[in-house]
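Undergrad: predicted model and sequence follow; I will ask about them next.
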Amino acid sequence: MFMKKIIKSDLMIPLFASIMVFLLTCWNLAISIYSALWAETVSYYVLTIYMLDKYAKRETYGFPVILMIMLGRVVLEIPVRIDDFLGTLSSLYVSVVVCISIILAAIYSHEKRNSIIVLSIIIFILLNSVGYDGWEHFIRHT
């Protein structure tokens, strides 16, 4: 029982850190979708690597930490998306790209190879520039 409490409270740190990063970066969406994409993908990439390195020797390492970071990213926007899903489809792309960023950071944290960072940068450039135009085209023609 005592161990389960430690594990549960231990996972609250990545959750609240993720919520804080979201609150610090979400205002970029008011400026431009591209600034929001870059700010959030880089921020969550760094946060995920930091949290996975911090939790490397704990029982809560890996998948639970990644899930808490993803949950912290989307938990505040769930009510808005439930209320007006079609109206928020264009900004849903930011959430999808951030989840991809978190997964790429987890892969890097597991493998620790510089080639993964290079691949992540290439993927970020493609998703944050060309990808959104394709997403907008998809939304308008669906």
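TA: On my side now, so go ahead. Residues are numbered from 1 along each chain as shown.

Undergrad: how about low-confidence regions in this structure?
TA: For the chain, the stretches with pLDDT under 70 are 1-8, 58-60.

Undergrad: swap the cut-off to 80 and go again
TA: Filtered on pLDDT under 80, the chain yields the residue ranges 1-9, 57-61, 142.

Undergrad: could you pull out the helices for the protein?
TA: Listed in chain order, the helices of the chain (DSSP state H) span 2-10, 12-25, 28-31, 33-54, 63-74, 78-83, 89-111, 114-125, 132-140.

Undergrad: columns mean neighbour count on top of the ones you listed, output as TSV?
TA: For the C-beta atoms, the positions are set from N, CA and C on the backbone; glycine is no exception. Converted to TSV, those look like this (neighbours: other Cβ atoms under 10 Å):
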stretch	mean neighbour count
helix 2-10	10
helix 12-25	17
helix 28-31	13
helix 33-54	19
helix 63-74	19
helix 78-83	11
helix 89-111	19
helix 114-125	14
helix 132-140	13
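
Undergrad: quick check: closest non-adjacent residue to Tyr34.
TA: Nearest non-adjacent residue to Tyr34, counting by Cβ to Cβ, 6 or more residues apart in numbering: Asn128, 6.5 Å away.

Undergrad: typed the wrong thing, it's Ala105
TA: Thr48 (3.6 Å).

Undergrad: no further queries at this time; thank you.
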